[in-house]
Structure formats: C-alpha cells, structure tokens
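Asks: Next one to model:
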Amino acid sequence: MIKINVNLKYNSYKVFIKSNLFEEVVYFHNKKYSGCKAIIITDSNVKKYYLKKLVNNFKKYKVNIKTFSVPAGEQSKSFKTLESLSNKILSNGINRNDIIYALGGGIVGDLTGFLSSILLRGIKFIQIPTTLLSQVDSSVGGKTAINAKIGKNLIGSFFQPSAVFVDPNTLNTLSKKELLAGYAEVVKYSIINDRKFFNWLEKNHKNIYNLEPDSVVRILSKCIKKKAEIVKIDEKEDNTRMLLNFGHTFAHAIESEMDYKIRHGEAVSVGMLMAMRLSFILGYTTLKEYSSLESHLKKFDLPIRLKQISSRKNWVPQKLLINMQSDKKVFKGSINFILCKGIGKAFIKRDINHVIIKEIIQDLID
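Replies: Residues are numbered from 1 along each chain as shown. Sure, this is the predicted structure:
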C-alpha cells in the first residue's frame, strides 16, 4: 500500500493507495474511531457498484452504520440536496464523534465535505474517491462546495478530510468518457510545474489510455504527491495553490453556460487549451507548446473546441466572459488567469484585456 502524507500546520492526514482497500477503511475506522458511527454518503451510480461491499465490511466488524444516497450528477451540489441530506442525517441521530464517509466522485466529495464542515459545526469526514478526477485532485486538499445559480463552487469552505482512501480498481467501472474526462486534471499537473511528467504522459499515452495498472498507480501517486506539496505551501489558496486552477477560469464559465450538464474534465480540457492559447497570444509561450498540448488532448479523445462540447449550443464569447466575472477567483474586480511560460511553468496573470479574452474564446469555438 502506498501512503502519502498531506502535511499541514493543523489537521495533517494520509492518503492511502491500494487495490481492494475497503477492508483497510474499516480497519482504520476501528483503530482510530472505535465505537463511532459510520455515516456513508454516495450517489445513485456508485451505490450500485460499491456501497454494499463497503457496508458488508463495516458489518463484519460490527460498526454501527447509516447510508444515504443522492442523485448522480452536478445537480446534487445544491442547497436543495444539502438541506435534504442534512435533515435526513440529523433525524437519524448523529454526534460530533461520528465519522462521515464520502463514497463517490468529485460531486459526492464536494457535497459531503461541505456538509461535514457545517453539520454540528464540524464532523470528521473521510474521502473514498471512485473516479480518476476525484482520486488525483478533488479528494485531497480540503476544498468543499456546492454551486450557486450564478456560478460553480461559490458556496463552500476549506475543510480537510481525516484520511483519503484511493482504490484504482474503482476506475474499472467508469465509462471511457468519464475516465478520460478525469484525465484532463492529470494533464493539468504536468502543465503547471512538471515538463518531465508531461513527456512521460506523452511517451506512455497508450498504456494510460488502456488503464495499464502500473501506469495508473504512477499517475495517482504522482498527482496526489504534487497536490499535497502545493497544499502544504498554500492551504487556503492565497497564492501558489491558484496554479491548480489552470484552465479552470474558462472551464467554470463553460460549465455555467451549459447549466452544469457536462463533465467537469471536458470543460477543463477546452479551458486548458484556451489558457495555453492566451499564453501564446500574449507572448509567454510558443505555438509549438500550444500544439503539443492540443495534440496530447486529442490522443485521449478529449474536446479541444467548444462545439465538441455542444454542437447545438450558440457559443457567445461575451456570455462566457460574464460568467468569468462571477468566478470566485476574481480579485479586486480583475479576473485571475493561470497562464504558462511553456509547459511546466505556470504563473498567475491579472488585468488581461477583455477583447483578447473574447478573441481566444472565438478562436476555439469550432
């Protein structure tokens, strides 16, 4: 089993990577939280594959458990779901010594983490991410949130999990589209600060595409270590952690325009290419670097144009720009962008001419 430390000033924890680790989860629970109730939150998709397996392991060790399921999809990151889930959990009885488990992808993790941060003013929670996106990114670092009508992740908190358990085998039940969408976040890590990692991804793209086990484990451990290093330096996203938002200023605007009815990773794919093109237009990187990213995303069947996300949508650059102005990363009225001085060299840039931003969006419509 691979163990990665997330070292923070307060509330440090470990990430465990191992195939078939549900029994390890229960062993951890009994060792650290003996006598405490386990409250498992999942969604309607993950429930079919993994809830019974996890529950049976808890029952084997006579742990008192309660399970709750929400509808799969971004619509569950809402006040409506938060209120409904809170009332159900409170009605079933809970105290501050109990442990909440997030069994699912990024949506379940975000919702469960935020719920845990506000329920009884804070209850420990543990992440069991089941998608590539959540395993390499959202389950680590303590960002929790639900969506608002005007934007994504605008209502939330920083609330670190007590542990993260990553089982690579859960990726086998994902659709190819879901899996590849998560891969966009893997590429992001290489773009922001690791050219060698990007080169490795390029060299091993066939093994990665086919989920070759050793390649998958290497990706998981590499990305989680990178996330842990960045969060250690900047837990509350005051500076360095902002680099993890590469492509996300564009991506969140795209998701908002699509009423969150697309995969986050697909929006990130187009968003990263927009950010790289903006870097090129402003003279920070070369056309060759832009083309390298575009080519790599194509190898994984990821969208590189807005029309590939929705061919029927009338994409209007001004609308996306308006969405960006509601983004949580806006600083003193200025939109924050993460740009690159070549692959592996990301930096923060503000005060970019809105005309140029709209031109970039227009260039990547079709």
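Asks: Any stretches of this protein with poor pLDDT?
Replies: For the chain, no stretch has pLDDT under 70.
Asks: helix, strand or coil for the residue lying farthest from the centre of it?
Replies: The C-alpha centroid of the chain is most remote from Lys62, which lies 32.8 Å away (Cα atoms, centre = their mean). Following DSSP: H, G, I helix; E, B strand; the rest coil, Lys62 is assigned to coil.
Asks: do you know how far it is from His29?
Replies: 11 Å (Cβ to Cβ, to the nearest Å). Using the backbone N, CA and C atoms, a C-beta is placed for each residue, glycine as well.
Asks: For the stretch 1-150 of the chain, which segments count as strands?
Replies: 2-6, 13-17, 38-43, 65-70, 99-104, 125-129, 143-148 (DSSP state E, counting those that start in this stretch).
Asks: Tabulate these in JSON lines, adding columns for distance to Lys299 and mean neighbour count.
Replies: Converted to JSON lines, the strands of the stretch 1-150 of the chain look like this (distance: least, Cβ to Cβ, whole Å; neighbours: other Cβ atoms under 10 Å):
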{"stretch": "strand 2-6", "distance to Lys299": "27", "mean neighbour count": "16"}
{"stretch": "strand 13-17", "distance to Lys299": "25", "mean neighbour count": "19"}
{"stretch": "strand 38-43", "distance to Lys299": "30", "mean neighbour count": "24"}
{"stretch": "strand 65-70", "distance to Lys299": "34", "mean neighbour count": "18"}
{"stretch": "strand 99-104", "distance to Lys299": "28", "mean neighbour count": "27"}
{"stretch": "strand 125-129", "distance to Lys299": "25", "mean neighbour count": "27"}
{"stretch": "strand 143-148", "distance to Lys299": "29", "mean neighbour count": "22"}
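Asks: Once you drop chain neighbours, what's closest to Ile338?
Replies: In space, Ile338 comes closest to Phe246 once its chain neighbours are excluded; the distance is 4.2 Å by Cβ to Cβ, 6 or more residues apart in numbering.
Asks: Kindly report the same for Thr285.
Replies: With Cβ to Cβ, 6+ apart, the residue lying closest to Thr285 is Ser279, at 4.5 Å.
Asks: What of His205?
Replies: Lys299 (5.1 Å).
Asks: in which helix or strand would I find the residue nearest to Leu244 when sequence neighbours are not counted?
Replies: By the measure of Cβ to Cβ, 6+ apart, the closest residue to Leu244 outside its immediate chain neighbours is Ile230, 6.3 Å from it. Using DSSP states H and E, Ile230 sits within helix 213-233.
Asks: Could you look up the next helix or strand downstream of that helix?
Replies: For helix 213-233, the following helix or strand on the C-terminal side (DSSP H and E) is helix 248-257.
Asks: partner residues bridging Ile338?
Replies: Ile348 (DSSP bridges).
Asks: domain assignment for this structure?
Replies: Domain ranges of the chain: 2-171, 176-364, per the TED database.
Asks: Just confirm Phe250 contacts Ala275, I think it does.
Replies: Yes - assessed by Cβ atoms under 8 Å, Phe250 is found in contact with Ala275 at 6.3 Å.
Asks: Could you point out the longest strand of this protein?
Replies: Using DSSP state E, we find that the single longest strand of the chain is strand 151-158.
Asks: For that one, which helices and strands make contact with it?
Replies: Applying 3 or more Cβ pairs under 8 Å, 6 or more residues apart in numbering; DSSP states H and E, we find strand 151-158 packed against helix 106-118, strand 143-148, helix 248-257.
Asks: Distance of Lys226 relative to Val136?
Replies: From Lys226 over to Val136 (counting by Cβ to Cβ), the distance is 9 Å.
Asks: can you check Ile360 too?
Replies: Taking Cβ to Cβ as the measure, Ile360 falls 27 Å from Val136.
Asks: neighbour-wise, which of those two wins?
Replies: Using other Cβ atoms under 10 Å as the criterion, Ile360 and Val136 rank with Val136 on top: 25 against 22.
Asks: residues contacting Thr144?
Replies: Contact analysis of Thr144 by Cβ atoms under 8 Å, 6 or more residues apart in numbering lists Gly109, Asp110, Leu111, Thr112, Gly113, Phe114, Ser116, Ser117, Gly156, Ser157, Phe158, Phe159.
Asks: please redo it, this time with the cut-off set to 7 Å
Replies: Asp110, Gly113, Phe114, Ser117, Gly156, Ser157, Phe159 (Cβ atoms under 7 Å, 6 or more residues apart in numbering).
Asks: Out of these, flag the one nearest to Asn5.
Replies: Taking Cβ to Cβ as the measure, Asn5 lies nearest Phe159 of those, at 18.7 Å.
Asks: show me what contacts the closest residue to the closest one other than its chain neighbours?
Replies: Excluding its sequence neighbours, the residue lying closest to Phe159 (Cβ to Cβ, 6+ apart) is Ser117, at 3.6 Å. Shown in contact with Ser117 (Cβ under 7 Å, 6+ apart): Thr144, Ser157, Phe159.
Asks: For burial, what's the neighbour tally of the last one?
Replies: Right, Phe159. Neighbour count of Phe159, defined by other Cβ under 10 Å: 19.
Asks: again with Ile155
Replies: Ile155: 16 neighbours (other Cβ under 10 Å).
Asks: Could you double-check that it sits in contact with Ala145?
Replies: Yes - at 6.2 Å, Ile155 counts as touching Ala145 under the criterion of Cβ atoms under 7 Å.
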